[in-house]
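> Below are the sequence and a predicted model for it; my questions follow.
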Amino acid sequence: MRPDGTVVIVGAGQGGFQAAVSLRERGHTGPVVLIGDEPGLPYQRPPLSKGFLLREEGTIELRARSFYERRRIELRHARVTAIDRPARQVRFADGNALAYDHLVLATGARNRVPPIPGTGLDGIGQLRTRGDAERLRAGLSAVSRVAVIGAGFIGLEVAAAAVKTGAAVTVVESLDRPMARSVSAVLSAHIAGLHRSYGTELLLGRSVVRLHGSRDGTVEGAELDDGGFVRADLVVVGVSVSPATELAADAGIDVGDGIRVDEFLRTCDPDISAIGDCAEFPGARTGARIRLESVQNAVDQARCLAARLTGAPTPYTALPWFWTEQFSTRLQIAGLGQGHDRTAVLGDPATGSFSVLLFQGDHLLSVESVNAPADHIAARRVLASGTTPGPDEAAVEGFSLRDWADRQRRTDARVEVTG
Ligand code: FAD
């Protein structure tokens, strides 16, 4: 693309923001238009389920308005309703259109509302946007019993925040352990113990079949598949999300579990790219197509895209990493552990600080670190290098991932010098 071409970015979240900033940092001189349908300045979502919910964190905007002005990043508050690919324009609800030389889709994901009768009652909340968080925050300050449907990262973070407000909290999860799709059984057990130690009732392997309300339409509780009933004045639904793909699909762009892109983040239309939560891309390790929902992925994909648009194309191979905070526990995950068949635990989970190494055969896939930031940093270095310890080595008493990473670095440096 020409350096003075117009880049239009749809979605002013984490990925869209970073794409605009990185384009400017890399010397793109043409117009950069960042279009978002949420009110206010672009903001970060992670605090929404953590400090913001408890009023511990006030400012969540990524930057002040002057930052965009200084960089000539045009912010537009509007909803894009269609892409006209032959005309290379995006269209808005009011009939106006905007031409692009390159279009970036950074439309994120939306919460899925499960087909449970009663989700329309008052007192049913969800959490994706700042508006959702403000409503939930107000709700939490006025109720004494909270039920959370779904023990994923966000559901558990909300549960932890609700406990801190003094509410009695019940979490209902249809799988047999919390965060089952993303973490090892060792970690699930630790997290379950953590929440229970704060008095949260964790109902695993149970599903909500109906939400019940009073005559005035306010929720009173959740009926479970085993006939049980959870009384609640506030129910937070946190089951899963769907990528926002409809703009792309309507414009005839390939969509699978997300907008399909290649390793350069190009859709099937070379003038259109997709990044972040909405993009399904070939994973660097196996080539299998994946979609990730994390700040790291949105930010690193935005940087990779900006490099390509400014003449330095490289395939997207960044190591995935993620974090969550629940009570005083900070969990950091490096790599993707799906498909692991062996684990090694470093440290003692009973101390509240430990790491779990997840292997598939001899291959280290992922490291989960609980209140062990040095292990997490070492894990990122080791996993990114491609040379990793095997499960037998890691199982030896006293094994340290940090020492292993340091030794490896010294060996690599020697090879570089002698080679
Ligand atoms: P988003 O940030 O979701 O931005 C997409 C934007 O596009 C939205 O504002 C949307 O309204 C807008 N949009 C969509 N369609 C249109 C349209 N047609 N026209 C105009 N605008 C449109 N990740 C972590 O790594 N760690 C965490 O601790 C963590 N905590 C989280 C807590 C919460 C409550 C949530 C919701 C997410 C959390 N995440 C966390 C995930 C992380 O925030 C997302 O992965 C990240 O925001 C994805 O960035 P994105 O740019 O792809 O999408």
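Thanks, I have the structure now.

> who in the stretch 251-400 of the chain is up against the ligand?
Counting by CB under 6 Å from any ligand atom, the residues of the stretch 251-400 of the chain lying close to the ligand are G276, D277, C278, E293, S294, V295, Q296, A298, F322, W323, T324. Every C-beta, even on glycine, is put in place using the N, C-alpha and C of the backbone.

> Now these in a markdown table, please, with extra columns for secondary structure, neighbour count and pLDDT.
Shown next, in a markdown table, are those (DSSP: H, G, I helix; E, B strand; the rest coil; neighbours: other CB atoms under 10 Å; pLDDT from 0 to 100):
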| residue | secondary structure | neighbour count | pLDDT |
| --- | --- | --- | --- |
| G276 | helix | 35 | 98 |
| D277 | helix | 27 | 98 |
| C278 | helix | 29 | 98 |
| E293 | coil | 19 | 97 |
| S294 | coil | 18 | 97 |
| V295 | helix | 18 | 98 |
| Q296 | helix | 17 | 98 |
| A298 | helix | 26 | 98 |
| F322 | strand | 21 | 97 |
| W323 | strand | 16 | 96 |
| T324 | strand | 22 | 95 |
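
> if I pick the closest residue to the ligand within the stretch 101-250 of the chain, what's in contact with it?
In the stretch 101-250 of the chain, no residue comes nearer to the ligand than G108, which is 2.6 Å away by CB to the nearest ligand atom. Shown in contact with G108 (CB atoms under 8 Å, 6 or more residues apart in numbering): G11, G13, G15, P243, A244, G276, D277, C278.

> Recalculate using a threshold of 7 Å.
G108 makes contact with G11, G13, A244, G276, D277, C278 under the criterion CB atoms under 7 Å, 6 or more residues apart in numbering.

> So for stretch 347-360, mean pLDDT?
For stretch 347-360, the mean pLDDT works out to 96.

> Next, count neighbours for G27.
By other CB atoms under 10 Å, 10 other residues sit near G27.

> Walking through this structure, point out its helices one by one.
Counting by DSSP state H, one finds helices in the chain at the ranges 14-25, 65-70, 130-140, 153-164, 185-197, 246-250, 295-309, 373-385, 391-395, 401-418.

> For A93, which of these is the nearest?
helix 246-250 (12.5 Å; CB to CB).

> what is the residue lying closest to G123 once chain neighbours are set aside paired to in the beta sheet?
Once flanking residues are discounted, G123 sits nearest to V219: 3.8 Å by CB to CB, 6 or more residues apart in numbering. Counting by DSSP bridges, V219 is bridged to G213.

> Bridged to the residue nearest to V345 when sequence neighbours are not counted, which residues?
Closest residue to V345 apart from its sequence neighbours, by CB to CB, 6+ apart: V356 at 5.5 Å. Under the criterion DSSP bridges, V356 forms beta bridges with V345, E368.

> how about whichever residue of the stretch 251-400 of the chain sits closest to the ligand, what does it touch?
The ligand sits closest to G276 of the stretch 251-400 of the chain, with a gap of 2.2 Å, by CB to the nearest ligand atom. Counting by CB under 7 Å, 6+ apart, G276 makes contact with G13, Q14, G15, A106, G108, N297, A298, Q301.

> same thing but 8 Å
G11, G13, Q14, G15, G16, A106, G108, N297, A298, Q301, A302.

> and the third one, how many neighbours?
Which is Q14. Other residues close to Q14 by other CB under 10 Å number 26.

> ok, now which ones touch the closest residue in space to it that isn't next to it in sequence?
Leaving out its chain neighbours, the residue that sits closest to Q14 by CB to CB, 6+ apart is A298, at 4.3 Å. Going by CB under 8 Å, 6+ apart, A298 touches G13, Q14, G15, Q18, A106, I275, G276, D277.
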